[in-house]
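Participant: Sequence first, then the predicted structure:
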Amino acid sequence: RKEVEQDPGPFNVPEGATVAFNCTYSNSASQSFFWYRQDCRKEPKLLMSVYSSGNEDGRFTAQLNRASQYISLLIRDSKLSDSATYLCAVGNGGFKTIFGAGTRLFVKA
Amino acid sequence: DAGVIQSPRHEVTEMGQEVTLRCKPISGHDYLFWYRQTMMRGLELLIYFNNNVPIDDSGMPEDRFSAKMPNASFSTLKIQPSEPRDSAVYFCASSRTSGVINEQYFGPGTRLTVT
């Protein structure tokens, strides 16, 4: 079993839709959680850290469920520019971070 | 502020040649990470440094790979000899200590092709 798993998608959604991604992790001692966005042939860019209480940044909401060992990302009112691959990342202490394989999102007009 | 800088951006080399990838982290960041990304294996951590000291190199594939960080503003990843299976995008990332949170900022990557 991979340490961090994501549904690879692709998710094809129309503009304005709400879409959610989940990411599961296997190490119950994991301490930090993140969502990154990666555009085609570009580097991953930090989208948001995920805090225990959940956090929101504009149209993006991240949640952490320690009991079930998953994190989620909700995107509301999808824009064409949201089309990208979304990587979840889990920190296992000592600053070693494991990345998921990514979920591809296509937002269509 | 300048982000993480990597060079070269593209490298094409023949099997058996030595390849050196370079990285300049964001000023003030005390952690530096080297990753490799391929379609098959995704984004893999190769090695990371804290205050120029290698902390975990368990992801380095084999002895052909080596990494150094001689000072806080420069790191290299060397492959000698290179093989076609080393073809990948190599990313460098840096971060600043902040409790258990480790928000990493990536450079643009070096796209390596070994023929």
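Facilitator: Okay, I see it.
Participant: gap between the two ends of stretch B:98-107?
Facilitator: For stretch B:98-107, the first-to-last residue distance is 20 Å (Cα to Cα, to the nearest Å).
Participant: Buried residues in it, which are they?
Facilitator: Of the residues in stretch B:98-107, those buried under the neighbour-count criterion (16 or more other Cβ atoms under 10 Å in any protein chain shown) are B:101, B:102, B:103, B:104, B:105, B:106, B:107. For the C-beta atoms, the positions are set from N, CA and C on the backbone; glycine is no exception.
Participant: next one: it to chain centre, how far?
Facilitator: Using Cα atoms, centre = their mean, to the nearest Å, the mean C-alpha position of stretch B:98-107 is found 15 Å from that of the whole chain.
Participant: just stretch B:30-46 next, same as before
Facilitator: Centroid separation for stretch B:30-46 versus its chain: 7 Å, with Cα atoms, centre = their mean.
Participant: tell me the mean pLDDT for that stretch?
Facilitator: Summarised as a single mean, pLDDT over stretch B:30-46 is 94.
Participant: Return the set of buried residues in it.
Facilitator: Judged by neighbour count (16+ other Cβ under 10 Å), stretch B:30-46 contains these buried residues: B:31, B:32, B:33, B:34, B:35, B:36, B:37, B:42, B:43, B:45, B:46.
Participant: Can you name the residues that contact the first one?
Facilitator: Residue B:31 makes contacts with A:95, B:48, B:49, B:50, B:94, B:95, B:96, B:97, B:102, B:104, as judged by Cβ atoms under 8 Å, 6 or more residues apart in numbering or on different chains.
Participant: What is the neighbour count of the closest residue to it other than its chain neighbours?
Facilitator: Beyond its immediate neighbours in the sequence, the residue positioned closest to residue B:31 (Cβ to Cβ, 6 or more residues apart in numbering or on different chains) is residue B:95, lying 4.5 Å away. Summarising burial for residue B:95: neighbours were counted as other Cβ atoms under 10 Å in any protein chain shown, giving 22.
Participant: shouldn't residue B:95 be in contact with residue B:104?
Facilitator: Yes - counting by Cβ atoms under 8 Å, a contact exists between residue B:95 and residue B:104, whose distance comes to 4.6 Å.
Participant: Which neighbours do these two have in common?
Facilitator: Listed contacts common to residue B:95 and residue B:104 are B:31, B:33; contacts here mean Cβ under 8 Å, 6+ apart.
Participant: How many residues are close by residue 53?
Facilitator: Just so you know, I chose chain A. For residue A:53, the number of neighbouring residues by other Cβ under 10 Å comes to 7.
Participant: Chain B is the one I meant
Facilitator: 7.
Participant: Check residue B:58 too.
Facilitator: Around residue B:58 there are 8 other residues, counting by other Cβ under 10 Å.
Participant: Would you quantify the distance from it to chain A?
Facilitator: 9 Å (Cβ to the nearest Cβ, to the nearest Å).
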